[in-house]
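A.B. asks: I would like the atomic coordinates for the input below:
(2 chains)
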Number of protein chains: 2
Amino acid sequence: MRRAILASPNSQPLLPKLANIVGAKHVITDPDVMAPHLSEWRKLYTGKAQALVRPSSTAEVSAILRLAHETDTPVVPQSGNTGGVGGQIPDQSGRAILLSLARMDRVRDVQPLSNMMTVEAGVILQNVQAEAEKADRFFPMSLPSEGSCMIGGNLATNAGGTGVIAFGNTRDLVLGIEVVLPDGRIWNGLSGLRKDNAGYEMKHLFIGSEGTLGVITAATLKLFPRPRSRVTGFIGLASPEHALKLLARAQGGSGGTVTTFELLPRLGIDMALKNGAGVRDPLAGKHDWYVLLEVSSQDADGLQDKVEMMLTGAFEAEEAEDAVLASSLDQRMNLWKIREDLPFAQATEGASIKHDISVPIASVPAFMAEALAMLAEKFPGCRPCPFGHLGDGNLHFNVTQPVGADGQAFLALYDEMNAAVFDIVARYGGSIAAEHGVGQHKRKLLPRYKDPVALDLMLTLKKAIDPRGIMNPGKVL
Amino acid sequence: MRRAILASPNSQPLLPKLANIVGAKHVITDPDVMAPHLSEWRKLYTGKAQALVRPSSTAEVSAILRLAHETDTPVVPQSGNTGGVGGQIPDQSGRAILLSLARMDRVRDVQPLSNMMTVEAGVILQNVQAEAEKADRFFPMSLPSEGSCMIGGNLATNAGGTGVIAFGNTRDLVLGIEVVLPDGRIWNGLSGLRKDNAGYEMKHLFIGSEGTLGVITAATLKLFPRPRSRVTGFIGLASPEHALKLLARAQGGSGGTVTTFELLPRLGIDMALKNGAGVRDPLAGKHDWYVLLEVSSQDADGLQDKVEMMLTGAFEAEEAEDAVLASSLDQRMNLWKIREDLPFAQATEGASIKHDISVPIASVPAFMAEALAMLAEKFPGCRPCPFGHLGDGNLHFNVTQPVGADGQAFLALYDEMNAAVFDIVARYGGSIAAEHGVGQHKRKLLPRYKDPVALDLMLTLKKAIDPRGIMNPGKVL
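C.D. replies: Numbers count the residues shown, from 1 in each chain, chains lettered A, B, ... in the order given. Below you'll find the model as predicted:
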């Protein structure tokens, strides 16, 4: 019956039709209820929408998109609203409907023997991890926002995190996806297959496209055996170059898999000690740089000895200056807290200008030296605090305002500093949007840094899949 | 100057223009020289072409495709010509040019610290492996044809092999690709980045598209640390179900990473013993099923003990009946030879009908039971010899003719048996083309087994990227 109504679009207002699909109480226009969905945690982006629509099934998403397609209504998908580049926030026109995936929160299937599970877009990442653990398996994606971000958003943005070095980005953890296309058709690309060469591989086009090509409603995810042992360490060293040597050493022989390798500068430790609650300096002396290392193994015993041996080798080769391995869960949490609190510790030091960039791993030291020298020359007094996923070549090259300076005046330099840093990134063959995506934030920068043929190919694909341009307009492209 | 000639296409014959691009001696029309390129090793597919054209650079491939685009000339890319589904063989019309990538055989760059290397499409897989080893790194793709297949073909078909269980398919080993689009434009998508969310992920659309969307001319590949130790074993067990339990046990705790897990039936051992040169039965008694297991570790010592402990557990749980671990390189080669010679051993037993299929890993036993029961009922006397990559849910579900039967009469059942097997595969959510691709061989079957929305989306993408339909026509779609 609903189909019959939708099949002949007329001048009838949109909202009653949406109410026919999802039920009246799930078409929300109350400004107070909508407000938290029309802005994000950094308050950089705010938007307007006709309504917040909350479907509970793929069939409902399909009917909504068919209606949107017929009526040329823009659709902005949103799940946990934790994104940092405004991809989940509509524009100011008020024409869009904001499509929340939060009610699609079912775990459809867990199959430990096949090492896979199928979940809907609205399942919170932490719940995905917990469901895997219940089945004696491991889902390795881990982000600071895992308690509130949803897997649909992780897929739409190809989220990164601290486990990428061993397990890859979100897209590497996906066997198949279910997508509602911009015209409402459902592509059932869910799959439990490890190998399938029957036709084009299209899931990766949708994963990471930030909702501009369709709505991912569910996914079959890969599960892994749970690690039997884990060693967490904090290492003081002289430079990013030394950290890179340590990385090769740890990957080549630490008795397990390097599952975390995060670089931090001393300034970051100082900020964390000053602003973080209960954070302790893990090493006695001070070092210019630090690495948070985690090694995991399927082997229950002996890992700590092997990591110690590896570190002894690093000391002898003068790659590392000092190190501590966590001997209790409390010590482990302290080491992780330094890393995870860093963005917040940084925020209490005043305004900061951020760059979520990547370069080939071996180029990190040279990039860093060049970018830091440029900052010292062009932006005297600014306090660079670059940290992040050295094992992936992905740095949060963040720069805090000079001590005592005016925050707003510093932020006025945002575009200028961005351009100066990104131009160096480009020279190293890097990316200006390594893990947080493009969204609204970097949309206008993309033509400057993306291969023009690639950009044109993106436009060709966008036009082919979403000819009316209703999917998340004003994002990415 | 060449551009000027190509910019105004006229009635001038094509071959001189091609000669302008690559040099006269690389536009080959001699039937004797062309013959080996117009047919493949199984002699199932033969075709015709205007010429065999051998470019030596991306710029030359670009000029050739621009010319082909302007003149509506079909282009069939070919590298090592080892594919089994006819994807690299032109049709009978003789209109196509056969584009050999063999002269593009340069290793452009090896960067061990970034764990990556950039190679051109014509580099033989074995040479890729060797270059990695020279840099004290490991490139894990391994196929029986690795001595002659080329990385361009591996990429175009998303090749599988015996290392997929630990390292993934070809596409999982790729950081970036360089592609010449059907209109001759070069997309420089080479990348040394582990993380890049600056726009759509498009490389996976080209990888595995079997040359129907463009020509992959080079790729940046991932390298890995070389394993420090490796244990190879051969295990006798009662059923695929037991093998599956052993797989979970080995992945959960064998002191390393399971890098090979191949299933073989007793019939396969018998065929290998009978037809293989110097193959020895690795176990004293006979078992219904066997597993070739390889576990690798970054840890130099102690792996053998741990695999033995894991197997002891498997014996106690009655998951395995007997096992041997190779104690010398010679023994290891014998174990591998049984698996690698199996397709050839099978061929000496007469005609066989092949199915390169996959199902979710946990469904392998149920699929196998159902498919074997169907064969026994519908094709009495036939000798099923299913073997392959159990760890990926990918079986070569091959069926040998009855003893003493007429081979041609048996092969006349090809389509009927295919349909009966594939219908069961489909019921288990499986793929009818797991690792060998679609090519000409399964092109007409695809509409029956592929999700119709997925198939339509494939057509949409094909039309958008190759509007004139010149790229490898008659393949896949």
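A.B. asks: which SS class is the residue nearest the centre of chain A?
C.D. replies: Central residue of chain A (Cα atoms, centre = their mean): A:A159, 3.0 Å from the mean position. When classified by DSSP: H, G, I helix; E, B strand; the rest coil, A:A159 comes out as coil.
A.B. asks: ok, and the closest non-adjacent residue to it?
C.D. replies: The shortest distance from A:A159 to any non-neighbouring residue, by Cβ to Cβ, 6 or more residues apart in numbering or on different chains, is to A:T170 (4.8 Å). The C-beta positions use only the backbone N, C-alpha and C, and glycine is treated the same way.
A.B. asks: sorry, back to before: please state the backbone phi and psi of the residue nearest to the centre of chain A?
C.D. replies: The phi and psi values for A:A159, taken as degrees, to the nearest 10, are phi -60, psi 150.
A.B. asks: quick one: the lengthiest helix in chain A to chain centroid distance?
C.D. replies: For chain A, the longest helix by residue count, based on DSSP state H, is helix A:329-347. Helix A:329-347 sits 18 Å away from the centroid of its parent chain (Cα atoms, centre = their mean, to the nearest Å).
A.B. asks: Which elements pack onto that helix?
C.D. replies: strand A:229-237, strand A:257-265, helix A:266-275, strand A:289-297, strand A:383-389, strand A:394-400 (3 or more Cβ pairs under 8 Å, 6 or more residues apart in numbering or on different chains; DSSP states H and E).
A.B. asks: Could you tell me the least trusted of these?
C.D. replies: By mean pLDDT, the lowest-scoring of the helices and strands packed on helix A:329-347 turns out to be helix A:266-275, with a mean of 91.
A.B. asks: how about that one: buried residues?
C.D. replies: For helix A:266-275, burial by neighbour count (16 or more other Cβ atoms under 10 Å in any protein chain shown) applies to A:267-269, A:271-272, A:275.
A.B. asks: now the angle from that helix to strand A:229-237?
C.D. replies: 110 degrees (axes from the mean of the first three to the mean of the last three Cα atoms, to 10 degrees).
A.B. asks: How about the residues of the stretch 201-350 of chain A by chain B?
C.D. replies: A:201-205, A:207-209, A:213, A:225-226, A:228, A:244, A:248, A:251-257, A:298-300, A:302, A:306 (Cβ under 8 Å from any Cβ of the partner chain).
A.B. asks: hmm, which of those residues are the buried ones?
C.D. replies: Using 16+ other Cβ under 10 Å as the threshold, A:201-205, A:207-209, A:213, A:225, A:228, A:244, A:248, A:251, A:253-257, A:298-299, A:306 are the buried ones among these.
A.B. asks: three-state assignment of A:A219?
C.D. replies: strand.
A.B. asks: Hmm, it is touching A:N154, no?
C.D. replies: No. Shown here, A:A219 and A:N154 do not form a contact pair, counting by Cβ atoms under 8 Å, at 9.1 Å.
A.B. asks: Compare these two (neighbour count), which wins?
C.D. replies: A:N154 (33 against 30; other Cβ atoms under 10 Å in any protein chain shown).
A.B. asks: thought the more buried one was touching A:S142?
C.D. replies: No. In this structure A:N154 lies outside contact range of A:S142 using Cβ under 8 Å: 10.8 Å.
A.B. asks: now the strands: where do they sit in the stretch 301-450 of chain A?
C.D. replies: With strands called from DSSP state E, counting those that start in this stretch, the stretch 301-450 of chain A shows them at A:322-325, A:352-353, A:356-358, A:383-389, A:394-400.
A.B. asks: can you put these in TSV and add distance to A:V123 and mean neighbour count?
C.D. replies: Formatted as TSV, those follow (distance: least, Cβ to Cβ, whole Å; neighbours: other Cβ atoms under 10 Å in any protein chain shown):
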stretch	distance to A:V123	mean neighbour count
strand A:322-325	34	18
strand A:352-353	32	22
strand A:356-358	25	29
strand A:383-389	25	23
strand A:394-400	26	24
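A.B. asks: Three-state assignment for the residue of the stretch 201-350 of chain A found nearest chain B, please.
C.D. replies: For the stretch 201-350 of chain A, the residue closest to chain B is A:H204, as judged by Cβ to the nearest Cβ, at 3.9 Å. Following three-state DSSP, we place A:H204 in the helix state.
A.B. asks: what residues are up against it?
C.D. replies: A:H204 makes contacts with A:171, B:201, B:203-205, as judged by Cβ atoms under 8 Å, 6 or more residues apart in numbering or on different chains.
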